[in-house]
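>>> structure for the following, please:
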Amino acid sequence: MYSKYLALLLVAFKVAYAAPTLSGRSTSLGSGGCSPSYPGGFGISVINDGQVQGPLAKRQAPGNPSAGSKPLTVYLENGILKDSQGRQGYIADNYQFQFDAPPQATPYATSGFSVCPDSTIGLNGSNVFYQCASGNFSNIYDRSWAPHCQPIHLRVVEQGSDSAQHF
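Sure thing, here's the model as predicted:
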């Protein structure tokens, strides 16, 4: 009798903690050869349902109206992401992926990023992020927190010969 309940509990645990998929791909990267460092700068594009979107751009900054049109250049060293302005990439306490200098107080994750052999960005063993619409733009999160969030991958986009590290 106890073994029957134990077996049901084990099945329930496996179902509850199974890695979700995006286009048939598991979020669990295991030891899939992802690297916590990447040589040189790169851009990031979104892959949604297998379709590559344009590179992520810097948000416009006061006094710099052209900043929003330039692709974001990112550097990865020892699991830490930084952009060309020295802002750190991290997951905020609301699970949003963003860049700030310094990161906001009580961030959820400030390291654990990697670049995987399929040119996707991973975070702590998962290469699935979530794009959630917010008005006329979207934010990126490390988890789905609302029905309108869609699973995505973040893809590394080579940006030429910029090999300088910004750490």
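>>> did I read that right, Ala133 in a strand?
Yes. The assignment for Ala133 (DSSP: H, G, I helix; E, B strand; the rest coil) places it in a strand.
>>> and it, what does it touch?
Contact analysis of Ala133 by C-beta atoms under 8 Å, 6 or more residues apart in numbering lists His148. C-beta coordinates here come from the backbone N, C-alpha and C atoms, glycine included.
>>> who does it bridge with?
Here Ala133 shows beta-bridge partners Ser138, assigned using DSSP bridges.
>>> same question for Asp83.
Partner residues in beta bridges with Asp83: Val74, with DSSP bridges as the criterion.
>>> low-confidence regions, the chain specifically.
Counting by pLDDT under 70, the chain contains low-confidence ranges at 1-32, 49-70, 160-167.
>>> recalculate using a threshold of 90.
Under the criterion of pLDDT under 90, the regions of the chain flagged as low confidence span 1-33, 45-72, 133-138, 145, 158-167.
>>> strands of that one, start to end?
21-22, 25-26, 42-48, 51-55, 74-77, 80-83, 88-91, 97-100, 113-115, 121-123, 129-134, 137-141, 149-158 (DSSP state E).
>>> could you point out which of those strands sits nearest Gly33?
Comparison of the strands of the chain against Gly33 by C-beta to C-beta identifies strand 113-115 as nearest, at 9.4 Å.
>>> show me the contact partners of the closest one.
Taking contacts as C-beta under 8 Å, 6+ apart, the residues outside strand 113-115 that touch it are 29, 34-36, 38, 42, 76, 79-81, 89, 121-123, 156.
>>> if we use 10 Å, what do you get?
Contacts to strand 113-115, defined as C-beta atoms under 10 Å, 6 or more residues apart in numbering, come from residues 29, 32-39, 42, 74, 76-81, 89-91, 97, 120-125, 127, 154-156.
>>> would you mind giving the strands of the chain as CSV with distance to Thr106 added?
CSV is the format used below for the strands of the chain (distance: least, C-beta to C-beta, whole Å):
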stretch, distance to Thr106
strand 21-22, 28
strand 25-26, 30
strand 42-48, 24
strand 51-55, 30
strand 74-77, 23
strand 80-83, 18
strand 88-91, 11
strand 97-100, 13
strand 113-115, 19
strand 121-123, 18
strand 129-134, 20
strand 137-141, 16
strand 149-158, 22
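>>> quick one: closest of those strands to Pro107.
Of all the strands of the chain, strand 88-91 sits nearest to Pro107, with 4.8 Å by C-beta to C-beta.
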